[in-house]
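1. The sequence and its predicted three-dimensional model are supplied below.
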Amino acid sequence: MFSKYAPLALLALAFSFTSCDKNDNEPAPALRTKIDASTLTATSRYTEAFKDASGQTTVDLGTSTQRLDMFTEFNSYMALVAVASPATPSTLDVAKLRGLYANTGNYFTGTGLNASGLSLRSTTAASFAGTQAESVRGYIDNNITKLATASQSVNQVATPGSAGRLGRYLVDGNGIEVNQVIQKALIGALLLDQMNNVLLTDNALKANNSQVVNGKAYSELEHNWDLAYGYLTSNAIMTTDIALTPRERFLAGYLNEKNGPASPGVYMAFLKGRAAIVNNDAAGVKAQADIIRTELEKTIALSAVSYLSNWKAAADPAVKAHALGEGLGFIYSLRFCSKYSADAAFSDNLLTGLTSGTNGAWSLTNTQADVAINAIKTKFSIQ
């Protein structure tokens, strides 16, 4: 029998479904008072532009700045094999190289780095699946061993098959400046990967933004965005001109050098994206993240093309070796350029084409270099 109360029950049930759908589609409650993004300019200080109701900054670059400092110390130690005269080049301790990469052995001099619980190695290729990530870390490990071995010949002149120096630059028996390969590979595997493939992905931008992290002044989404900024620069205002100081480190430095016209826009995208987070504007956040990710990946590609072109143009073997080492490292980093759908197969194919000759880099030809240059230009729509 059909109850006379059934229509009322069905109406109540329908209303409850409608109410749930409405709540599911509503934006998260605002955590902050809205910011007028038009007030942000190239001279706005990122670390001071975003505050809570009490006036406390909600920006904490924390762990990304520490890793950037670790990378700086690691790179500075590797660079001891390539000092300019009258300084004397150094033989490198493989245990120290490994310790700086993995944060073992208390080799860091920066305050708090040894006891931070952080390491470059554990953060390398963090967006990759387990075996793939370990393959990248193994690549760095193997090159660390190659660098330490080559440094035993730092006072010798390099010849095909034998490590030594070309000018001020140390190369291995294949004519490759290994310290440059490591540095440029980590620009992609550590810095770009963290920014583009961990912190600023579409999925990462869905992080909680309706409440602060327990004991902190920031929401999860605010902090993710700030960490991405911190992997680019530790400066309150990012330097966006290669001719100005303070000079930026690593990826930001190459953004200024190789993709200079885009650099001011990247800084403004960080500011505008952070304001969009405050304003709970998900579409605005994604739009600014897309600008950042696109230009940083293009910076890697432009750097690879530039250094291969420099290798072709140079006559001095030392200049050629240095340019090639940088180029090879950036080509390795192309595997982290996910916006442009580059991957390990693309990167490895280019590297094989450049280094598989009988004498490695010693026998590299302009034709081989052009194949790589053209492939990168096509992939990244570079004119």
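-> Ah, there it is.

2. Do a quick rundown of the helices in this structure.
-> Applying DSSP state H to the chain gives helices spanning 6-25, 62-78, 94-102, 120-123, 130-151, 178-186, 220-232, 250-258, 263-278, 282-313, 317-333, 344-355, 366-379.

3. Need these in TSV (columns: distance to Ser85 and mean pLDDT).
-> Where you see a C-beta, it was placed from the backbone N, CA and C, and this is true even at glycine. Listed next are those as TSV, based on distance: least, CB to CB, whole Å; pLDDT from 0 to 100:
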stretch	distance to Ser85	mean pLDDT
helix 6-25	67	40
helix 62-78	18	97
helix 94-102	24	98
helix 120-123	30	98
helix 130-151	18	98
helix 178-186	18	98
helix 220-232	34	98
helix 250-258	24	98
helix 263-278	33	98
helix 282-313	22	98
helix 317-333	12	98
helix 344-355	29	98
helix 366-379	30	98
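
4. right, so of those helices, which gets closest to Ala84?
-> helix 317-333 (11.5 Å; CB to CB).

5. What is that closest one packed up against?
-> Helices and strands touching helix 317-333, by 3 or more CB pairs under 8 Å, 6 or more residues apart in numbering; DSSP states H and E, are strand 164-166, strand 169-171, helix 178-186, helix 282-313, helix 344-355.

6. still on that earlier bit, any chance of a markdown table for the helices of the chain, columns mean neighbour count?
-> Output for the helices of the chain, formatted as a markdown table (neighbours: other CB atoms under 10 Å):
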| stretch | mean neighbour count |
| --- | --- |
| helix 6-25 | 9 |
| helix 62-78 | 19 |
| helix 94-102 | 19 |
| helix 120-123 | 19 |
| helix 130-151 | 17 |
| helix 178-186 | 26 |
| helix 220-232 | 24 |
| helix 250-258 | 22 |
| helix 263-278 | 22 |
| helix 282-313 | 21 |
| helix 317-333 | 25 |
| helix 344-355 | 17 |
| helix 366-379 | 16 |
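
7. of all those, which lies closest to Lys51?
-> Nearest of the helices of the chain to Lys51, taken as CB to CB: helix 263-278 at 9.8 Å.

8. got the angle between the closest one and helix 250-258?
-> Here helix 263-278 runs at an angle of 130 degrees relative to helix 250-258 (axes from the mean of the first three to the mean of the last three CA atoms, to 10 degrees).

9. what does helix 263-278 contact?
-> 31-32, 34-35, 37, 40, 42, 44, 46, 49-50, 59, 209, 219, 221-222, 225-226, 228-229, 232, 237-238, 240-241, 252, 255-256, 282, 284-285, 287-289, 291-292, 295-296 (CB atoms under 8 Å, 6 or more residues apart in numbering).

10. that older thread, now the helices and strands packed on helix 317-333 in a markdown table, with distance to Glu73?
-> Below are the helices and strands packed on helix 317-333 laid out as a markdown table (distance: least, CB to CB, whole Å):
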| stretch | distance to Glu73 |
| --- | --- |
| strand 164-166 | 23 |
| strand 169-171 | 19 |
| helix 178-186 | 12 |
| helix 282-313 | 23 |
| helix 344-355 | 27 |
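
11. Of all those, which one comes closest to Phe71?
-> Among those, helix 178-186 comes nearest to Phe71, with 6.6 Å by CB to CB.

12. tell me which strands and helices the closest one is in contact with?
-> helix 62-78, helix 130-151, strand 169-171, helix 317-333.

13. elements contacting the first one?
-> Identification of packing neighbours for helix 62-78 by 3+ CB pairs under 8 Å, 6+ apart yields helix 94-102, helix 120-123, helix 178-186, helix 220-232.

14. how big is the angle separating the first one from helix 130-151?
-> Orientation of helix 94-102 against helix 130-151 (the same axes, to 10 degrees) gives an angle of 150 degrees.

15. Check the offset of helix 94-102 from the chain's centre.
-> Distance of helix 94-102 from its chain centroid, counting by CA atoms, centre = their mean, to the nearest Å, is 21 Å.

16. Same check on stretch 125-138?
-> That offset, for stretch 125-138, works out to 15 Å (CA atoms, centre = their mean).

17. Pull the residues that contact that stretch.
-> Arg121, Thr124, Ala189, Asp193, Gln194, Asn197, Val198, Arg335, Phe336, Ser338, Ala344.

18. let's go with 7 Å and repeat that
-> Here stretch 125-138 makes contact (CB atoms under 7 Å, 6 or more residues apart in numbering) with Arg121, Thr124, Ala189, Asp193, Gln194, Asn197, Val198.
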